[in-house]
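J.: quick one: sequence plus predicted model below, questions after.
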Amino acid sequence: MSKTVEFSTRPKKEKPLNPDNWVNNQTGKEALKRFTIDIPEGLHTRIKTACASKGAKMRDEIIALLEKHFS
């Protein structure tokens, strides 16, 4: 008794999604880049506490500081 195996056609390769293009399409703004730094734990706590007390996001506050410094 012989067995036969049928193969379907090869699936089409989809173009890989570029994360930068995805971000641009989502925001309609300038492309974003990830920026990771290590800071002392005490500084992180002070930043987080100050932001929480005024209801701001750390990300927004840090971007504002960087924009001011590197304008």
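T.: Everything's here; your move. Residues are numbered from 1 along each chain as shown.

J.: could you measure from Lys12 over to Thr49?
T.: Counting by CB to CB, to the nearest Å, the gap from Lys12 to Thr49 is 52 Å. Glycine gets a C-beta too; all of them are placed from N, C-alpha and C.

J.: neighbours of Cys51, just the number please.
T.: 16 (other CB atoms under 10 Å).

J.: likewise Glu61?
T.: Using other CB under 10 Å, Glu61 is surrounded by 15 other residues.

J.: isn't it right up against Cys51?
T.: Yes: using CB atoms under 8 Å, Glu61 makes contact with Cys51 at a distance of 5.4 Å.

J.: where does the residue nearest in space to the middle of the chain fall, phi/psi-wise?
T.: Centroid-nearest residue in the chain, with CA atoms, centre = their mean: Arg34, separated by 6.0 Å. Dihedral angles of Arg34 (phi, psi; degrees, to the nearest 10) stand at phi -80, psi 140.

J.: mind listing the helices for this structure?
T.: Using DSSP state H, the helices of the chain run over 19-27, 41-53, 58-69.

J.: pick out the shakiest of those, pLDDT-wise.
T.: For the helices of the chain, mean pLDDT drops lowest on helix 19-27, to a mean of 64.

J.: quick one on the thing from earlier: is it possible to get TSV of the helices of the chain that adds distance to Thr4?
T.: Shown next, in TSV, are the helices of the chain (distance: least, CB to CB, whole Å):
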stretch	distance to Thr4
helix 19-27	43
helix 41-53	64
helix 58-69	59
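
J.: quick one on the thing from earlier: ok, the residue nearest to the centre of the chain to Pro19 distance?
T.: Where Pro19 is concerned, Arg34 sits at a distance of 9 Å (CB to CB).
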